[in-house]
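Asks: Sequence unavailable; structure follows:
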């Protein structure tokens, strides 16, 4: 089953997460996203990509009920795949705009952080790295991407609080660059994608790499140990009990 829908109009490709009511992430979704991005990377007709979701969620993050049946080794393998993907997205040579159509939580927020530009719908939608709220940690890569975008002080506020931020609050923190109505979200996202794509792509890719490669080197160096710590905390007695109470469907 396809959980990622691809559409192309002129030089902009749009990838839409479409899995259940909350677009929860699992191994299949990550693999489909990676496959689409790889194909678009090598397609000369595509100059930029918009990543969005269907419904009231961009993404809830991990499909926690599914992962409760995983062994530690299976879960660690998934986390390695997921963090490898957002590192790939963080360094993607073409512009990527996240059109945050609704709630953007935990792993969904991490994917959004990896993009070049974020437009978020105003209203009830929230964005959060809320792992602290249920006793989980985050990853070295997600921490470095957050610090790169919002600075150390705001990154500390986001991670320590686990708060759910509105679009307006997220813009003030630097988590998103634009806010939009439901009606204007995709128009603004496509405008941002088209503007970045109007540059010479080799120059864009080079400058993006100069900005982000040093960050990614820290991400990659520290990611393995952070995944191990994440797994140990995830399977700890208190956090495991909290996870049992999370319902997403």
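Replies: Done, it's in. What you see is a predicted model, and the numbers here were worked out from it, not measured in a lab. Numbers count the residues shown, from 1 in each chain.

Asks: Now name the helix or strand holding the residue most central in space within the chain.
Replies: Using CA atoms, centre = their mean, the residue of the chain that lies closest to the mean C-alpha position is residue 111, 1.1 Å off. Per DSSP states H and E, residue 111 falls inside helix 107-114.

Asks: re the thing from before, excluding chain neighbours, give the residue nearest to the residue nearest to the centre of the chain in space.
Replies: Among residues not flanking residue 111 along the chain, residue 86 sits closest, at 5.9 Å (CB to CB, 6 or more residues apart in numbering). (Glycine included, C-beta is placed from N, CA and C.)

Asks: So which elements touch the helix or strand containing that neighbour?
Replies: Taking DSSP H and E as the definition, one finds residue 86 inside helix 72-90. With contacts taken as 3 or more CB pairs under 8 Å, 6 or more residues apart in numbering; DSSP states H and E, helix 72-90 sits against helix 27-41, helix 107-114, helix 140-161, helix 201-234.

Asks: Now do it and helix 107-114, the angle between them.
Replies: 30 degrees (axes from the mean of the first three to the mean of the last three CA atoms, to 10 degrees).

Asks: Would you mark the buried spots in helix 72-90?
Replies: Buried residues in helix 72-90, counted by 16 or more other CB atoms under 10 Å: 75, 76, 78, 79, 82, 83, 85, 86, 87, 88, 89, 90.

Asks: Spell out which helix or strand contains residue 44, please.
Replies: Using DSSP H and E, no helix or strand contains residue 44.

Asks: So for it, what's the pLDDT?
Replies: Residue 44 is assigned 96 on the pLDDT scale.

Asks: The chain should start at 377 in everything you say after this.
Replies: Yes, from this point I'll number from 377; that puts the last item at residue 420.

Asks: what's the distance between it and residue 470?
Replies: 11 Å (CB to CB, to the nearest Å).

Asks: which of the two has more neighbours?
Replies: Each of residue 420 and residue 470 has its neighbours counted (other CB atoms under 10 Å); residue 470 has more, 22 against 7.

Asks: so the more buried one, which of the three states?
Replies: Three-state assignment for residue 470 (DSSP: H, G, I helix; E, B strand; the rest coil): coil.

Asks: Leaving out the residues flanking it, which one is nearest to it?
Replies: residue 424 (5.7 Å).

Asks: Residue 404 too?
Replies: In space, residue 404 is closest to residue 379, 6.5 Å off (CB to CB, 6+ apart).
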